[in-house]
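Novice: generate coordinates for the sequence data below:
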Amino acid sequence: MWVTNHLIRFNNNGTLFINERTLQHINKQFNTQFASNLGIDVCNSIIMDALLETFEHIRRNNISITHQQVARIFKANINKRLDVVELNS
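Specialist: Numbers count the residues shown, from 1 in each chain. This is a model prediction of the structure:
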């Protein structure tokens, strides 16, 4: 969980940004864990789709949350996608 807490951060003006090094680290961990079963392209797609869904969730709901809460939403979105992929396997 500590890794995802550093993935999405707030600037001083309140805008969100993605920490590229942390994203690469998450991709590497995720690919190591799941690529043998899912393939690297599917793994990368899951990560990017989960990021997009996370930012869309924040935008749609116009909510004020901490970066830890954003990380939890991101992690939940990844797990949701993994569940779908496993069901389709």
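
Novice: so residue 64, which of the three states?
Specialist: Taken by DSSP: H, G, I helix; E, B strand; the rest coil, the conformation at residue 64 corresponds to coil.

Novice: pLDDT below threshold where in the protein?
Specialist: 1-17, 63, 89 (pLDDT under 70).

Novice: can you give me the strands in it?
Specialist: For the chain, applying DSSP state E gives strands covering 8-10, 16-18.

Novice: and residue 42, how many neighbours?
Specialist: Using other CB atoms under 10 Å, residue 42 has 15 other residues around it. Every residue, glycine included, has its C-beta placed from N, CA and C.

Novice: ok, now residue 71?
Specialist: Every residue meeting other CB under 10 Å relative to residue 71 is counted, giving 21.

Novice: how close does it get to residue 87?
Specialist: Plainly put, residue 71 is 25 Å away from residue 87 if you go by CB to CB, to the nearest Å.
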